[in-house]
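Chemist: what shape does this take:
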Amino acid sequence: MTLPAMAERMADKMAAVASRYARAFVDVVFDGKLDSNKVLQDLHAILGLLKESPELKSVWENPSIAPEQKRGLLDAIVPRLGAQKQVRNFLAVLIDHHRIAMLMEITRQVEHEIHDRMGLAEAEITSSRELSESERRELELQIMNLTGKRALATYAIDQHLIGGAMIRIGSTIYDGSVRGQLQRIREQLASS
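Modeler: Numbers count the residues shown, from 1 in each chain. You can find the predicted model right below:
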């Protein structure tokens with residue numbers, strides 16, 4: 001097996017693990033009727049703390065340090081952040097199962113799973129210029145018609161686009177940009 005193939009296989013495996021933990025935790029969130037925004041806020045606060053404190057990250061990820069010591073640190077941190085008990089317990093599970101290093105990916109998956117269960121389609125919309133409010137509403141309505149879900153859109157500007165917009169929903173890209181249309185015409189002419 002080639003090195004790139006091994007790396008891709010490992011990435012797929014890690015994504016599957018992150019997804020499994022995320023789904024299980026989101027089950028807890030919805031079954032317990034927790035405030036999903038607060039849950040995400042708590043997870044992002046922990047991620048921020050890990051980013052600010054490489055020492056904490058190093059301790060939590062170090063396999064030679066006993067899980068009890070790591071949970072002790074967690075128990076000292078959680079009250080200061082005002083994090084919920086269920087978030088604390090989830091982090092303890094990640095520590096105990098040596099998955100805390102995957103917290104960023106797992107948090108991303110938790111976010112996607114929560115949005116999916118709430119009937120929201122995460123969409124990244126890139127246009128050549130700032131879109132007006134009515135243009136944004138129209139695109140979000142088109143996304144809702146496409147997915148059957150309310151759009152949770154983020155907007156970006158790419159001045160390399162000549163006009164139109166590109167929309168990414170999950171792994172699917174809808175290219176309505178002039179550049180994309182010209183590329184499709186070029187491909188049609190080449191195949192004729």
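Chemist: run through the chain and note the low-pLDDT ranges.
Modeler: Applying pLDDT under 70 to the chain flags residues 177-182.
Chemist: can you classify the closest residue to Q69 other than its chain neighbours by secondary structure?
Modeler: Counting by C-beta to C-beta, 6 or more residues apart in numbering, V59 is the residue found nearest to Q69 once chain neighbours are left out, at 7.8 Å. Every C-beta, even on glycine, is put in place using the N, C-alpha and C of the backbone. Classification of V59 using DSSP: H, G, I helix; E, B strand; the rest coil returns helix.
Chemist: and V59, how far from M118?
Modeler: For V59, the distance to M118 equals 35 Å [C-beta to C-beta, to the nearest Å].
Chemist: is it true that M144 touches A151?
Modeler: Yes. M144 is in contact with A151 according to C-beta atoms under 8 Å; the separation is 5.9 Å.
Chemist: now the phi/psi pair for L34, please.
Modeler: phi -80, psi 160 (degrees, to the nearest 10).
Chemist: ok, now A123?
Modeler: Per degrees, to the nearest 10, the backbone of A123 is at phi -130, psi 130.
Chemist: I'd say it and K149 touch.
Modeler: No. A123 is beyond contact range of K149, at 9.5 Å (criterion: C-beta under 8 Å).
Chemist: how about stretch 26-40: buried residues?
Modeler: By 16 or more other C-beta atoms under 10 Å, the buried positions in stretch 26-40 come out as 26, 29, 34, 36, 39-40.
Chemist: next: stretch 121-136.
Modeler: For stretch 121-136, by 16+ other C-beta under 10 Å, it's 121-123, 125-128, 131, 136.
Chemist: ditto for stretch 51-70
Modeler: 56-57, 60-61, 70.
Chemist: in those residues, find the pair that's most separated.
Modeler: K57 and K70 (11.3 Å; C-beta to C-beta).
Chemist: where's the residue nearest to Q69 relative to V17, distance?
Modeler: According to C-beta to C-beta, V59 stands 22 Å off from V17.
Chemist: centroid-nearest residue for the chain?
Modeler: R108 (2.8 Å; C-alpha atoms, centre = their mean).
Chemist: SS state for P79?
Modeler: Classified using three-state DSSP, P79 is helix.
Chemist: can you give me the end-to-end span of stretch 26-45?
Modeler: 18 Å (C-alpha to C-alpha, to the nearest Å).
Chemist: need the contact partners of that stretch.
Modeler: 81-84, 86-87, 90, 103, 107, 110-111, 113-114, 117-118 (C-beta atoms under 8 Å, 6 or more residues apart in numbering).
Chemist: out of those residues, who's nearest D158?
Modeler: E111 (23.8 Å).
Chemist: need the contact list for the closest one.
Modeler: Contacts of E111 (C-beta under 8 Å, 6+ apart): L40.
Chemist: from I143, how far off is it?
Modeler: For E111, the distance to I143 - C-beta to C-beta - is 18 Å.
Chemist: can you list the domain ranges for the chain.
Modeler: 3-116, 120-191 (automatic domain parsing).
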